[in-house]
Structure formats: C-alpha cells, structure tokens
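Visitor: Sequence first, predicted model second:
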Amino acid sequence: MAGILAAFACLGLGACAPLPFLYAPKVRGQVVDAETGAPIAGAIVVVRVDARYDELLPDRDLVGHLETTTDAGGRFEAGPIWKPGISVWPVMRTEARILGVMHEGYRCARPTPIRAARGVQIPLAQALDLVDRRGSCRPIPARAQEAPLYLAAWNALFPPDVTPEALEREQQLARLLEARAAFGFGENCEGPITDLALAPGGARAAYVDRAGGVVDVVSLDRRARRVARIPLPPLALAQGAVDTRRLAWTAANELVLWEPASRLDRSRSLSLLSASGGPPQVVWSAGHGSASAPSGGFARPTASRQPLDPADLNDEGDALWLGRAFALRRSLDAERGLTSDLLHITEEDGQTREIALPGEACGPRGQFGRPHYRIAADARTALDLRHVRGACHAVAIDLETGAWGVLDTSAGAASCREARRIPTSELRVALRGYAREIDSALARAGADPDAAFVLELEADGSARAVSRSYEGETRSAPLPPFPIATPLRRIDITALGGGAPRDPTPAMQSLPDAIEPL
C-alpha cells in the first residue's frame, strides 16, 4: 500500500506549503539456483514499483525502480520509496515486480510479481553458454541511471559496437543462405539414415536406417561398436501417408519411438507428443549392462520415464559442454554454390577456434539436429546427420581437429527429389544475378515477364527456361549453367512474387511438422 503523506516545504521568507509524497514499502526476496536450491550471492536485482488506482482507473504510473544485489544467503531487500508526487485518486496501491535478475553463468529471470509481504523466491537456471545466457536477457524499461549495475551487465552481453547496419548485413546473409539451401542435397535428399538420438550421458546413440528397415544402437567408446540391431516396428499407414515416428531416449538404457504432435495437437497442448499417435513404444532397453530387446511386441515405457514434454526427450548433451560455447556460422561455398557450415567454439578460457562441418545438414531439424547439441561421453565427439558421400549419414565429428567419419554402416542410397516448386521471391533472393539472366533470356524469347516459368536442368548443369508468350504460346530460352550443385532437374517458379508458399515437405517426408519454413 502506498499513500500520500503531507509534508511541508518552506518556500522562503518563512512561508510553508503542503507537499504530497508517494510512499512504497520495502520489498524482499531470495535468489536461488533452480536445480540445487542453493542461494546465489551477488545477483543483481531490479524491482519496478507502479502505482495503481483501483479498477476504475486501471492505468499504472511508475513510482520508481529499486536496484540491489543479493547477500551471501541469496536474500535481497530494496526500498522503501519516498518521492514527491500527486495522486489523482484518493485510494492508491503499489505493485512491485522483479523486472530483472542477472548473475554470471545463469539465464536471466523472467519478470515476477511480488504479491506477499514476505517476498518472493526467484530461481535462476544455469545457462548452457554465453549465447544461451545472452538470449535470455532483455533490457529493463528504466530511465537512465535508474538501474546502472543491471544495464552495465546487459551492455556487456550486448556490446554497443554491434550496429544496426551490421545486424542487417547478417540478416541478409542468413536469408541468402537459407534460400540457397532449398536447392541443395540436404533439403532435397533423404536417407538412408533418417533419425539420430543420443542417450543421456552420451555413452550410446541410436539411428534409424530406413533403407535397411532397422534401428541400430551403438556404444560410443573409443571405437563405436554396434550394441543392438532391432527391426523397425511395422506401422499400418494409409495410402500416401508417411511414417513420422521419431527416436528418443527416456533414460540412458531405454530407447523409444514416439509420434510427433501435429499442428492441431500442438494447438491444444504444448507437448511434442501426438495426442492421437498412441503411447511411445520401447524398441530397446538394457538392464544391468546386458542389452535386451523387447519380445512379443513393443511395450510402453514405464510411467516415470514416459516423455511428456520437450525437456523429457533426451537428445542433448548439455552437461558435456564443459564451459564451452558453440555457434553455427554459415558462408558460401564458391565451388558448390551452397552453404559451408563452420562450428565456432569458444573455450572456457576465452580461446576460440572453428572447425568445418562436412557436407550439408540433413534429416529432421529444429528441436533436434544441431551438431553441437549432441556431444558424446568423451566430451570431444559431436554427432549429427550430414549429407556426405552422396547420402544422409550419422556422422561423428572430432571437436578438437575437425576430423570426421561415418558412424553407420548402411549401404543404402539416398532418395532425392528431382522437381520442386519455389516462389519467384525466393529465387531472386538466392540467385539475384542468375535471376536477371533468366529475365533477359525470356525477354529475348518473347515470353510474358509476369508468367510463371520452369527451369529444366541437366546433370552437367546446363539449363533452359520454359515459359509462355502473351498469346499463351510456349517459349523456351537457353540459360548459362546453373550455378548451384543440385539434385533437382526441374524447378517450377511460381508467378506469385512471395505470395506462394514454399513447398513445406522437402525430401524428409517422414517428419513434415519438424521442417521449419523460411
């Protein structure tokens, strides 16, 4: 509760006049480690206090910001606030919110209201790395100098030398590389390895070999060795439907197949599990060091292990980062015309280095699939699905030297699409100069510049464009060699410049909901 207290200000010559003051009481709380519950000392805490005048006047007025740091027990106290002010309503209350809590090595806390006089407990989750910490922190809505410690720490995370122009250049490059990926092998070819999952602790991995119809479990010791080979459980599918099941470890010794939730399911629940796909199926388990596969059908996982939300689907080796930070940086490969992936590694002592990742990323993306999120128990080997040697394989990458090798033994070939539909806007982003060549060639052939057209490509890169004239007659124009290595032999360019959606189901048809559109 904040009130208006009458005080007296003497205005000279002995004359005094009443002057109202706003008052907000002291706020208290404690900052703790979200996992262990241990108090965190030295955390910067910023509290915002607003004035509210009941429901008839729902607007809030800023009373002030309070900034403090936690003591050895993680506790903090801030306030009270006394400041000159005038209330337009006789009944006024204050509302205090924790706007920002920042401590090195932890993610920043979300805004939290303080509704009790005894205060509030703020749990801080440990950050995976500097990038993860930076992404969680936001500037507080304070006036200059109202929260100098927090703002100084925030500016250290977001250096002011990152100009808007530099950010725009990065965004333009990202758009270019994403657009070019639509022509590559990683988005247009599938298999033979279609899914990969790393067990908690990083001692085992599993992958799906669709070509062989099996799930392989491998032990990631000095030399990766196969622990088990299990036939892929059969699934009754309607004509034209695809198998969308995914691998996940519910424990270090239990591997399941689960059905990703559809868009309709996700609109009703945040769970990654499908509401209509049934319970996950255990495909492999090991007890007391002896491997065993289920017999007599596929069982449900135990209730305590059944994955219910993204955090329970163990596919990340977070504990094996060992203070390192990872960032995936992309550039153009002049020889292939596609992206070149570099894994930028920042060590705990601040030393940085980069290793080149082989081939192109393939297989399911998004929640899974970033190479630095799959680190084996040796803390040196990263796993990922990459299109190498003409197919999508499970690849082991040495984080020290960049050397890599194929983890699976599949001899199956990739299945690549030969045709794709792409909007004009995406073609012009990916190949601005080549798009002008196409425009010129079609104009010379007498084609309608507003009509859709088709790019016909040969294996040697030679190309031609086929469109129609104003009268509807077919017009064909030879083109310079296509500048990107691609499995596509026909590319339909829609006439809707940005209005037509990009084909949402690339070659990885086994996981339509996990493909992220541009």
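Guide: Yep, that arrived. The structure presented is a predicted model; accordingly, all values stated were derived computationally and were not measured.

Visitor: then the helix or strand harbouring A96 to PDB, C-alphas only?
Guide: Secondary structure from DSSP states H and E places A96 in strand 93-102. Presented in PDB, the C-alpha positions along strand 93-102 are these (Å, rounded to 0.1, in the frame of the first residue of the first chain):
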ATOM      1  CA  ARG A  93      -1.900   0.900  -4.200                       C
ATOM      2  CA  THR A  94       1.600  -0.100  -5.300                       C
ATOM      3  CA  GLU A  95       2.500  -3.100  -7.300                       C
ATOM      4  CA  ALA A  96       6.100  -4.400  -7.200                       C
ATOM      5  CA  ARG A  97       7.600  -6.600  -9.900                       C
ATOM      6  CA  ILE A  98      11.000  -8.200 -10.200                       C
ATOM      7  CA  LEU A  99      12.000  -6.900 -13.700                       C
ATOM      8  CA  GLY A 100      15.500  -8.300 -13.900                       C
ATOM      9  CA  VAL A 101      17.800 -10.700 -12.100                       C
ATOM     10  CA  MET A 102      21.200 -11.200 -13.600                       C
END
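
Visitor: Pull the residues that contact it.
Guide: Here strand 93-102 makes contact (C-beta atoms under 8 Å, 6 or more residues apart in numbering) with 1-2, 24-25, 27, 29, 31, 43-54, 60, 63, 65, 108-109, 111-114, 120, 122, 124, 137-138, 140-142, 147, 150, 153-154. In this view, the C-beta of every residue, glycine as well, is placed from N, C-alpha and C.

Visitor: So which of these are in helices?
Guide: If you go by DSSP state H, the contacts of strand 93-102 have Y150, A153, W154 in helices.

Visitor: Roughly how far does the closest residue in space to the second one that isn't next to it in sequence sit from D33?
Guide: Read that as A153. Counting by C-beta to C-beta, 6 or more residues apart in numbering, the nearest residue to A153 once its immediate chain neighbours are dropped is M102, at 5.1 Å. M102 sits 14 Å away from D33, going by C-beta to C-beta, to the nearest Å.

Visitor: Check N253 too.
Guide: As for N253, its distance to D33 is 28 Å (criterion: C-beta to C-beta).

Visitor: just A224 next, same as before
Guide: 36 Å.

Visitor: can you count the residues close to the closest residue to A203 other than its chain neighbours?
Guide: Nearest non-adjacent residue to A203, counting by C-beta to C-beta, 6+ apart: A377, 4.7 Å away. Here the number of neighbours of A377 (other C-beta atoms under 10 Å) works out to 18.

Visitor: begin at 845 from here
Guide: Okay, residue one is now 845; in that scheme the one you just asked about reads as A1221.

Visitor: surely A1221 meets G1045?
Guide: Yes - between A1221 and G1045 there is a contact under C-beta atoms under 8 Å: 5.9 Å.

Visitor: so what strands line up beside the strand holding A940?
Guide: Partners of strand 937-946 in the sheet, by DSSP bridges, are strand 888-896 (antiparallel), strand 956-958 (antiparallel).

Visitor: what about stretch 916-924, start to end distance?
Guide: 22 Å (C-alpha to C-alpha, to the nearest Å).

Visitor: Could I get the buried residue list for that stretch?
Guide: Neighbour counts using 16 or more other C-beta atoms under 10 Å place G918, R919, F920, A922, G923 of stretch 916-924 among the buried residues.

Visitor: and if you look at stretch 1031-1046?
Guide: So stretch 1031-1046, judged by 16+ other C-beta under 10 Å, has buried residues 1031-1046.

Visitor: how far is stretch 1038-1055 from where the chain is centred?
Guide: 20 Å (C-alpha atoms, centre = their mean, to the nearest Å).

Visitor: actually stretch 987-999, not the one I typed
Guide: That offset, for stretch 987-999, works out to 28 Å (C-alpha atoms, centre = their mean).

Visitor: now do stretch 1283-1293
Guide: With C-alpha atoms, centre = their mean, you get 42 Å for stretch 1283-1293.

Visitor: Tell me which residues are up against it.
Guide: F1297, A1309, S1311, R1312, S1313, Y1314, R1319, S1320, A1321, P1322, L1323.

Visitor: pLDDT on the longest helix belonging to the chain, on average?
Guide: Longest helix of the chain, by residue count under DSSP H: helix 1008-1025. In this model, helix 1008-1025 has a mean pLDDT of 79.

Visitor: So which elements touch that helix?
Guide: Where contact means 3 or more C-beta pairs under 8 Å, 6 or more residues apart in numbering; DSSP states H and E, helix 1008-1025 is packed against strand 1169-1176, strand 1183-1190, helix 1268-1274.

Visitor: which of those is buried the deepest?
Guide: helix 1268-1274 (a mean of 20; mean count of other C-beta atoms under 10 Å).

Visitor: Quick one: end-to-end length of stretch 1204-1224, please.
Guide: Span of stretch 1204-1224 from end to end, C-alpha to C-alpha: 21 Å.

Visitor: Could you export the buried residues of stretch 916-924 as CSV, including pLDDT, distance to G1234 and secondary structure?
Guide: Shown next, in CSV, are the buried residues of stretch 916-924 (pLDDT from 0 to 100; distance: C-beta to C-beta, whole Å; DSSP: H, G, I helix; E, B strand; the rest coil):
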residue, pLDDT, distance to G1234, secondary structure
G918, 92, 56, coil
R919, 91, 61, strand
F920, 91, 60, strand
A922, 80, 63, strand
G923, 73, 67, coil
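
Visitor: would you list these in CSV and tack on distance to Q1083?
Guide: Listed next are the buried residues of stretch 916-924 as CSV, based on distance: C-beta to C-beta, whole Å:
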residue, distance to Q1083
G918, 61
R919, 65
F920, 63
A922, 66
G923, 68
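
Visitor: Out of these, which is nearest to A1303?
Guide: Relative to A1303, the closest of the buried residues of stretch 916-924 is G918; by C-beta to C-beta it sits at 65.5 Å.

Visitor: Before I go, just wanted to say thanks for your time.
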